[in-house]
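Visitor: have a look; sequence and predicted model below, questions after that.
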Amino acid sequence: MLILGRHYQFIVASDVDFDGIRLEPAVNRDGESLTLADVSYSDAEGTMTLKTFEEEVPVEAVEALIAEARLRFAGR
């Protein structure tokens, strides 16, 4: 997905210890894949949370991440 001129790849990861699933946007920076944040869905609690790993993440990227998570986690 192209956001503000940068290509983001959304990665879905299952987390057994967390008892849920995560959606992580990754961007290529200096030849390395960097995970900027994740939206986690807790199967146990039925809730979503957002965690950022960078000090500044573009609002447009956060909005796209949350929208994508709502689509992918719908019906869980």
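Guide: Okay, I see it.
Visitor: list the contacts for the residue most central in space within the chain?
Guide: In the chain, the residue lying closest to the centroid (C-alpha atoms, centre = their mean) is residue 24, at 3.0 Å. Contacts here follow C-beta atoms under 8 Å, 6 or more residues apart in numbering; on that basis residue 24 touches 10-13, 35-38. Placement of C-beta: from N, CA and C, glycine included.
Visitor: could I get the residues you listed as JSON lines with pLDDT, neighbour count and distance to residue 57?
Guide: As requested, the contacts of residue 24 are exported to JSON lines (pLDDT from 0 to 100; neighbours: other C-beta atoms under 10 Å; distance: C-beta to C-beta, whole Å):
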{"residue": "10", "pLDDT": "92", "neighbour count": "15", "distance to residue 57": "14"}
{"residue": "11", "pLDDT": "91", "neighbour count": "13", "distance to residue 57": "15"}
{"residue": "12", "pLDDT": "92", "neighbour count": "12", "distance to residue 57": "19"}
{"residue": "13", "pLDDT": "88", "neighbour count": "13", "distance to residue 57": "18"}
{"residue": "35", "pLDDT": "90", "neighbour count": "16", "distance to residue 57": "11"}
{"residue": "36", "pLDDT": "89", "neighbour count": "20", "distance to residue 57": "5"}
{"residue": "37", "pLDDT": "93", "neighbour count": "19", "distance to residue 57": "6"}
{"residue": "38", "pLDDT": "92", "neighbour count": "19", "distance to residue 57": "11"}
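Visitor: looking at those, which two lie furthest apart in space?
Guide: 12 and 36 (15.3 Å; C-beta to C-beta).
Visitor: so which of the contacts of residue 24 are in strands?
Guide: 10-13, 35, 37-38 (DSSP state E).
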